[in-house]
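**Q** I'd like to go over a predicted model; first the sequence, then the structure.
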Amino acid sequence: MRHRNRPSAWAVMVLAVAAAAALPDAPAVAAEASAPLVLESAIPLADVSGRIDHMAVDLGRHHLSVAELGNDTVDIVDLPSGRVIHRVGGLQEPQGVAFVPSVDLLAVASGGDGSVRFFHAADFSPAGQIDLGDDADNMRLDPRTGRLIVGYGAGALAIIDPARMSTIAAVPLPVHPEGFQLAPDGRRAFVNLPDANQVAVVDLASRRQAGSWSLGDLHSNFPLAIDAAGTVVAIAFRGPPTLALFDPGSGAIGDAASICGDADDVFFDAGRRRLYVSCGEGAIDVFERNDGQLQPVGRTKTSSGARTALFVPELDRLFVAARAEANQAPAKILVFRPTP
């Protein structure tokens, strides 16, 4: 297990950047050493308007890719220097992004034209395109096979071979899939279907839906996460705002807790036994998980509409995408450092 208190070379560089730069437009956060998240820096995204969607990281290059849905662009952020080094334009509502190390490609799923476009990660030149037809959305990489799983259309998961840039199979679903994750063993995918008030369990080997969980009075289930051991599925609901823990075998609900509104991302921090829930109301809720119970640790303010996030365990940082505000505050990536 990685020692969580040992800073990486990248972390040391970011600390130096943060110490040297004033952040007058950064949102206020708790200054106490006991705060679960500390704002370390804010990386500006110049000339970005509208909603920002998902992010992905290229660990080898320390690049963060940001899908700027409302801007029809993807920005590439160099994390050590804290600046945007490239912008991919000409997209139509980019939503999902993924870095594929086996072929050194950046994949971008766009809702506007239903495409999955590939770019060489070294220089971001175009490498190819797959047309899924409609509303290409969330994207996950299966590290065992190197394949991409993409939610799209009126209800399907596409299984894509990025080396050949071809669709291997499409798994039908009853409605459009939102947040989903692959089980650590790669055998199943757990897929949020908010329009059906369900969670679909997909068998990736047989390429079919093998089951579903009914959610009762909980609805608007968008973000979902699975712990590293594959023993707990965490789902954040918008109605009512709730974080609930599920047994992945039976779909039974364990503990649940109230959260901030308009949740869009949730992550496990295995080293600290914590969960982070990022919400569009302008907050991140932090919980500890002890003996299956959720214990609130704290709430960190961000900014209104800053709901998409990415926790990168290898960097021990939580990145939150903050859209441009009506008061002319520019869009930015907020970089949070979890505390022990």
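**A** Arrived safely, thanks for sending.

**Q** count the residues that sit near Pro313.
**A** Other residues lying near Pro313 total 14 when counted by other C-beta atoms under 10 Å. Backbone N, C-alpha and C define where each C-beta goes, glycine included.

**Q** got a pLDDT number for Ala236?
**A** At Ala236, the model reports a pLDDT of 98.

**Q** go on, Ala9?
**A** For Ala9, the model assigns a pLDDT of 42.

**Q** same deal with Gln328?
**A** For Gln328, the model assigns a pLDDT of 74.

**Q** where does pLDDT dip in the stretch 1-150 of the chain?
**A** Within the stretch 1-150 of the chain, the stretches with pLDDT under 70 are 1-33.

**Q** let's see 50
**A** The stretch 1-150 of the chain contains residues with pLDDT under 50 at 1-32.

**Q** what are the boundaries of the helices in it?
**A** 9-20 (DSSP state H, counting those that start in this stretch).

**Q** can you name the next helix or strand after the host helix or strand of Ala321?
**A** Using DSSP states H and E, Ala321 falls within strand 317-322. Once strand 317-322 ends, the next helix or strand along the chain (criterion: DSSP H and E) is strand 331-338.

**Q** check contacts around Cys199.
**A** No Cys there; residue 199 is Val. By C-beta atoms under 8 Å, 6 or more residues apart in numbering, Val199 lies in contact with 190-193, 212-213, 215, 221, 224, 233, 235, 246, 251.

**Q** which of those lies closest to Arg51?
**A** Comparing those against Arg51 with C-beta to C-beta places Asn192 closest, at 18.7 Å.

**Q** what is the burial count for that closest one?
**A** Neighbour tally, Asn192, other C-beta under 10 Å: 25.

**Q** ditto for Glu288
**A** So Glu288, with other C-beta under 10 Å, has 15 neighbours.

**Q** bridged to Ser258, which residues?
**A** When bridges are called by DSSP bridges, Ser258 pairs up with Thr242.

**Q** gap between the closest residue to Gly128 other than its chain neighbours and Arg188?
**A** Take Gly128 and drop its neighbours on the chain: the residue closest to it by C-beta to C-beta, 6 or more residues apart in numbering is Met165, 4.1 Å away. Met165 sits at a distance of 25 Å from Arg188 (criterion: C-beta to C-beta, to the nearest Å).
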